[in-house]
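In: sequence and predicted structure are below.
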Amino acid sequence: MTINTTKRILQRIYGHGRGWVFIPKDFLDIASNAALRQSLSRLKKQGTIRRLMQGVYDYPFFSTLLSAPSSPDPDAIARAIARANGWTILPTGDLSLNLVGLSTQVPAQYQYFSDGPSKRYAWQGGTLVFRHRTNKETTVLSPRTALLVQALKRLGESGTDTAVMVALRKKFSKQELNLALKEARYATSWVYNAIKQIAADEMMLHA
């Protein structure tokens with residue numbers, strides 16, 4: 001049974017592809033928690049997956065230049081921790097700019113607002129910080145819409161110029177912008193108007 005469980009786990013991992021960060025709960029429909037941990041331990045020993053911290057693993061990319069597994073995505077680790085705990089998280093302003101490509105500065109710490117308790121997690125590549133904060137404006141949004149709203153709020157109305165809108169248009173798909181239009185209508189008025197402008201121009205590009 002364990003071998004069959006391991007095969008099914010592998011199928012799901014391969015389906016998500018390299019770079020996927022996951023937790024045992026992502027496989028609870030396959031087997032019990034005890035069987036899952038046994039299978040994950042076996043895959044780790046085989047070198048198929050990597051343990052990043054307690055209860056968090058990834059299927060790493062491989063760097064041919066370094067002849068070693070590539071560094072994991074810190075944001076993916078944060079989202080896996082959030083799934084494990086049932087939290088809704090939101091990147092803080094500076095991090096949101098990094099994640100949408102408007103800032104190339106690598107954060108010393110990846111910081112998130114969370115509806116869970118304030119916590120800090122250390123992993124080999126740095127630190128993840130979760131700060132408890134209830135934000136009714138963003139917790140009801142899908143992750144991509146929330147990211148867009150947070151990035152715009154960090155820039156401010158005066159900082160959201162045409163160049164920024166063009167850059168954001170390249171980072172969000174037509175489907176994501178259409179969803180943002182539906183979800184963010186109760187956001188700050190200038191934020192919603194900015195999203196309308198980004199989505200409208202994007203639609204014209206695909207007309």
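Out: Yep, that arrived. From a predicted model like this one, the values you see are computed outputs, not experimental measurements.

In: for the helix or strand harbouring Asn4, packing partners?
Out: Using DSSP states H and E, Asn4 falls within helix 2-16. Under the contact criterion of 3 or more C-beta pairs under 8 Å, 6 or more residues apart in numbering; DSSP states H and E, helix 2-16 touches helix 33-46. (Each C-beta comes from the backbone N, C-alpha and C, glycine too.)

In: packing partners of the helix or strand just after the helix it packs on?
Out: Counting by DSSP H and E, the next helix or strand C-terminal to helix 33-46 is strand 50-53. Counting contacts by 3+ C-beta pairs under 8 Å, 6+ apart, strand 50-53 is packed against strand 56-58, strand 119-123.

In: buried ones in the first one?
Out: Pointing back at strand 56-58 there. Buried positions in strand 56-58, judged by neighbour count with 16 or more other C-beta atoms under 10 Å: 56-58.

In: cool, and the longest one?
Out: Using 16+ other C-beta under 10 Å as the burial criterion, the residues of strand 119-123 that qualify are Tyr121.

In: shaky segments in this protein?
Out: 1-3, 135-139, 201-207 (pLDDT under 70).

In: mind giving me the packing neighbours of the longest helix anywhere in the chain?
Out: Ranked by number of residues, the top helix in the chain under DSSP state H is helix 189-205. Helices and strands touching helix 189-205, by 3+ C-beta pairs under 8 Å, 6+ apart, are helix 143-155, helix 162-171, helix 174-183.

In: show residues contacting it.
Out: Identification of contacts with helix 189-205 by C-beta atoms under 8 Å, 6 or more residues apart in numbering yields 148-149, 152-153, 157, 160, 165, 168-169, 172, 174, 177-178, 180-181, 184-187.

In: now restrict these to buried residues only.
Out: Neighbour-count burial (16+ other C-beta under 10 Å) applied to those gives 148-149, 152-153, 160, 165, 168-169, 172, 177, 180-181, 184, 187.

In: could you dump the residues you listed to TSV with distance to Phe22?
Out: As requested, the buried ones among the contacts of helix 189-205 are exported to TSV (distance: C-beta to C-beta, whole Å):
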residue	distance to Phe22
Leu148	25
Val149	27
Leu152	31
Lys153	30
Thr160	35
Met165	35
Leu168	29
Arg169	31
Phe172	25
Leu177	28
Ala180	27
Leu181	31
Ala184	29
Ala187	31
